[in-house]
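> fold the following, please.
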Amino acid sequence: MTSAPPVRAQERSFSWAWPAFDLVYLALMFVTATVRMGGRDYPGPELTTLVIVSWVPLLVRRRHPAAVLLAVVVVEAVHMTTVQTAGVNLTANIAMGAFQPVPLASIAAAFTLAAKRPGRAGWGPGVLAALVLLGTGIVSHGHSLLVTSFVVFDLMIMAVGAGVLVSLRRERIARDERDRQAEIRGEVVAERIRIAQDLHDVLAHHLTLVNAQAGVAGYLLRSDPAAASDALRDIAGNTRRALDELRATVGMLREDDVAAEPLKPTPGTAQLGELLEGFRSAGARVSFGTTGEPQPLPAGKDLAVYRIVQEAVTNATKHAPGAPVEVGLHWQRRSLSVAVTNPAPAGRPAGFQGPGTRHGLIGMRERAVTAGGTLTAGPTSTGGFDVRASIPVHPDSEETS
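All right, here's what the predicted structure looks like:
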């Protein structure tokens, strides 16, 4: 709202600037017509009429640049042909101004047309207009004003060149703006994909646990009410954690909420034990082992490892219920290898894969690639499923140094 008044003020300034410029340009044309003979020599009725007639079309040159250029070139060609501005014995200074105010109107029209045309398209009409004026001067006055005719030609070419530069600069600015907008759209799409991945991982993980715990609670409700109560408490805890993570993810889109309520730290490898314990509380058989010396990971890579393990174990418990899941981290000096494997579930044929959208596999692979690593996932020869990821330990700047 606050930016509207300056914009309107700028538009008003432009609306007054163009008529003022046109009036100044008319005055300049009369000045050059007055001093054309090397001193003050006021133009007569015929020259005055031609000056005004060649100037009037310039008032609409921004709307109809091609038509205006044609009109003023015709008028100034008539001017060069019919108006006797000097005698046969001309000094150099007087000869250079013999055609004044030609070609001031054509210069303005040629510049405007070149500036309005895209790229270098203004060169054709501008050069043609310059050649017409050059030919008119040579045919009308022969060699006596040959230098003056070429001065007219050169001025026209310079005006066209200046207009083309303006057009190219405007196109470059527009292209840079389009590139900037495309980059912004790309960043928005990437951020939406990242948020969608987070939402998918959070919901899939916690809803899988809630579903498993609800089944356990229903089974134990009559035979072991105390154990059923524990399972129901686990359901409440998982739903609360799911809501917290959803609030943290969605809250990133609203700066006011983020400022008002500090968010929990981003999960990483340090929280894997708590993550897997939640699966165990839902009845899953998950083992966890590490080898090598753990190293601190950048926040983005740390989160990627956590989400990959979370999604892989979630898929294993959903598609191979009852089958044990093995999670392993193998720390090396330059990389961290992550492995999540499970055998085929009891009563399922080898190579069986449960129903799903495969969004989880796509999300895991995208997370690994974003972290600078790789990920492979697929059935094993024994009928189980295997997910393996390799994540660089050091930041990219250190790896390439």
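> run through the stretch 201-350 of the chain and note the low-pLDDT ranges.
Within the stretch 201-350 of the chain, the segments meeting pLDDT under 70 span 201-209, 211-213, 216-217, 219-221, 231, 238, 240-265, 346-350.
> how about the strands in it?
Assigned by DSSP state E, counting those that start in this stretch, the stretch 201-350 of the chain shows strands spanning 286-291, 325-331, 335-342.
> which of the ones you listed is buried the deepest?
Most buried of the strands of the stretch 201-350 of the chain, by mean neighbour count (mean count of other CB atoms under 10 Å): strand 335-342, with a mean of 21. Just so you know, the C-beta spots here come from the backbone N, C-alpha and C atoms, and that holds for glycine as well.
> C-terminal to that strand, what's the next element?
Toward the C-terminus, strand 335-342 is succeeded by helix 359-370 as the next helix or strand (DSSP states H and E).
> give the buried residues for that following helix.
360-361, 363-365, 367-368 (16 or more other CB atoms under 10 Å).
> how deep is Val139 tucked in, by neighbour count?
12 (other CB atoms under 10 Å).
> so it sits in a helix?
Yes: according to DSSP: H, G, I helix; E, B strand; the rest coil, Val139 belongs to a helix.
> how far away is it from Ser149?
9 Å (CB to CB, to the nearest Å).
> swap in Leu336?
79 Å.
> cool, and Gly278?
Distance from Gly278 to Ser149, by CB to CB: 91 Å.
> one more: Gly378?
From Gly378 to Ser149 the distance is 81 Å (CB to CB).
> which one's more surrounded, the two?
Between Gly378 and Ser149, Ser149 has the larger neighbour count (other CB under 10 Å), namely 24 against 11.
> identify each buried residue in stretch 116-128, please.
For stretch 116-128, by 16+ other CB under 10 Å, it's 116-117, 122-123, 125-126.
> which one of these is nearest to Gln295?
Arg117 (60.9 Å; CB to CB).
> pretty sure Leu276 is touching Phe288, no?
Yes: under the criterion of CB atoms under 8 Å, Leu276 makes contact with Phe288 at 5.3 Å.
> excluding chain neighbours, what is closest to Glu76?
Among residues not flanking Glu76 along the chain, Val102 sits closest, at 4.7 Å (CB to CB, 6 or more residues apart in numbering).
> Three-state assignment for the one you found, please.
Quick answer, by three-state DSSP: Val102 is coil.
> and what of Val387?
strand.
> and the pLDDT at it?
Val387 is assigned a pLDDT of 94 by the prediction.
> so it versus Leu199, what's the distance?
20 Å.
> between the two, tell me which one has more neighbours.
Ranked by neighbour count (other CB under 10 Å), Val387 and Leu199 place Val387 first, with 26 against 14.
> my read: that one touches Ala377, true?
Yes: judged on CB under 8 Å, Val387 makes contact with Ala377 at a distance of 4.5 Å.
> please enumerate the helices of this structure.
4-34, 45-55, 65-82, 92-96, 104-116, 123-141, 146-223, 225-251, 255-260, 272-281, 299-319, 359-370, 396-399 (DSSP state H).
> deepest of the ones you listed, which one?
Buried most deeply of the helices of the chain, by mean count of other CB under 10 Å, is helix 104-116, with a mean of 26.
> got the contact list for that one?
25, 28-29, 32, 54-55, 57-58, 61-62, 65-66, 68-69, 71-73, 75-76, 122-123, 125-126, 129-130, 133, 155-156, 159-164, 166-167, 170 (CB atoms under 8 Å, 6 or more residues apart in numbering).
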